[in-house]
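Q: Following is a predicted model, sequence given first.
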Amino acid sequence: MNKSIQSRTLTALCAIAALLCLATRTLFRRRGKEPESLPPIMMSSPSRTIVKSITGNGVPESLSVAGEATGAVAAVCGNGANADRYEARNDALRSIARRRDLPKEDVAAMIDYLASTNDPLRAERVAALKNDVMNLLRNQEPPVEGLADALIAMFDGGAHPPAVLDYCIQHLGAMQGGLNDTARRRVLAVLAMAAARKGQSYAGTALYSLAADRCATSAQNAELKRLALAMCAADSNPAARIAAIQLAGEHGYAEALPILRKVLSSPRRDTVLDIVAIGSVGLLGDSSDISRLSHFMKCDSRRAPAAEAAIRRINERS
């Protein structure tokens with residue numbers, strides 16, 4: 001896998017995630033949680049790993065390497081008495097979170113679980129669990145054949161909730177650098193399709209994944225610009241719009257300036273949208289924007305630091 005591309009992708013996605021977390025305090029709740037790191041399991045000797053699994057009656061038990069994966073995978077996939085208990089299934093997943101050598105049958109069971117749509121857990125918990133399953137499968141060595149195809153099929157099927165689709169897009173974007181040319185083209189096509197659906201929050205995730213493609217042609221870069229500018233419009237999903245406005249500033253899309261100026265002149269205020277728009281105006285704007293930005297320095301302490309930084313950037317270019 002191309003570590004540089006993956007790192008840039010995750011950095012961009014983390015930036016979006018931080019903005020979305022702030023947005024949820026003012027507008028709405030985000031549909032799922034961001035990928036989280038898992039604690040290390042305790043190691044004994046090279047020949048034996050002791051982990052905690054969940055039995056049918058909820059009692060922890062110790063399992064050896066030979067038996068740990070199959071029992072834990074069954075619990076994760078909801079095959080047992082604890083199917084409606086997120087904590088038990090999540091504990092089972094954590095018990096094998098550091099495994100890099102799951103048996104093929106367990107990998108297949110997890111891919112089948114990802115594709116399933118009849119989980120008894122609440123939607124946000126299903127999304128969190130499936131995200132961690134995707135992380136586990138992506139970390140297998142050698143890489144899991146068909147994982148990208150499975151995520152693409154999930155997205156194309158449209159039967160999963162938006163939060164799960166968002167995770168599919170996130171993981172496909174992170175995988176693209178390690179795929180062969182044929183698979184990479186398929187992933188890029190799906191990312192472009194997702195980015196074109198600007199009414200969905202995962203459109204912003206897809207946009208940043210496309211931007212992380214360091215092998216993009218001039219035609220692909222032109223398409224990225226077109227998608228970003230379209231997503232800056234007011235009829236886009238709020239989270240996707242924030243992502244697009246930030247990316248427009250980072251990539252120097254000066255064509256977005258009329259929209260950004262309109263955002264800052266609107267009587268309707270949104271803290272996160274304003275802060276991101278201010279930042280992008282600082283990257284794209286000129287001296288005519290300083291008075292508009294100064295307004296936020298004088299009367300709004302939440303937006304003032306962003307406005308001050310934006311004015312400084314404009315002055316440095318003048």
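A: Sure, I can see it.
Q: CA only for contacts and neighbour counts going forward, please
A: OK.
Q: And stretch 232-239, end to end?
A: Across stretch 232-239, the terminal residues are separated by 10 Å (C-alpha to C-alpha, to the nearest Å).
Q: Buried residues, that stretch. List them.
A: 232, 233, 236, 237, 238, 239 (16 or more other C-alpha atoms under 10 Å).
Q: tell me which of the residues you listed is nearest to residue 278?
A: residue 232 (13.6 Å; C-alpha to C-alpha).
Q: Check the spacing between that closest one and residue 101 real quick.
A: Residue 232 is 43 Å from residue 101, where distance means C-alpha to C-alpha.
Q: Measure how buried residue 269 is and give me the count.
A: 11 (other C-alpha atoms under 10 Å).
Q: want to throw the buried residues of stretch 232-239 into JSON lines with distance to residue 175, secondary structure and pLDDT?
A: Shown next, in JSON lines, are these (distance: C-alpha to C-alpha, whole Å; DSSP: H, G, I helix; E, B strand; the rest coil; pLDDT from 0 to 100):
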{"residue": "232", "distance to residue 175": "26", "secondary structure": "coil", "pLDDT": "98"}
{"residue": "233", "distance to residue 175": "29", "secondary structure": "coil", "pLDDT": "97"}
{"residue": "236", "distance to residue 175": "26", "secondary structure": "coil", "pLDDT": "97"}
{"residue": "237", "distance to residue 175": "25", "secondary structure": "coil", "pLDDT": "97"}
{"residue": "238", "distance to residue 175": "26", "secondary structure": "helix", "pLDDT": "96"}
{"residue": "239", "distance to residue 175": "23", "secondary structure": "helix", "pLDDT": "96"}
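Q: would you list the residues you listed in a markdown table and tack on distance to residue 111?
A: What follows is the buried residues of stretch 232-239, written out as a markdown table (distance: C-alpha to C-alpha, whole Å):
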| residue | distance to residue 111 |
| --- | --- |
| 232 | 35 |
| 233 | 37 |
| 236 | 32 |
| 237 | 30 |
| 238 | 31 |
| 239 | 29 |
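Q: so which pair among the residues you listed is furthest apart in space?
A: Every pair of the buried residues of stretch 232-239 checked by C-alpha to C-alpha; the farthest is 233 and 239, at 11.9 Å.
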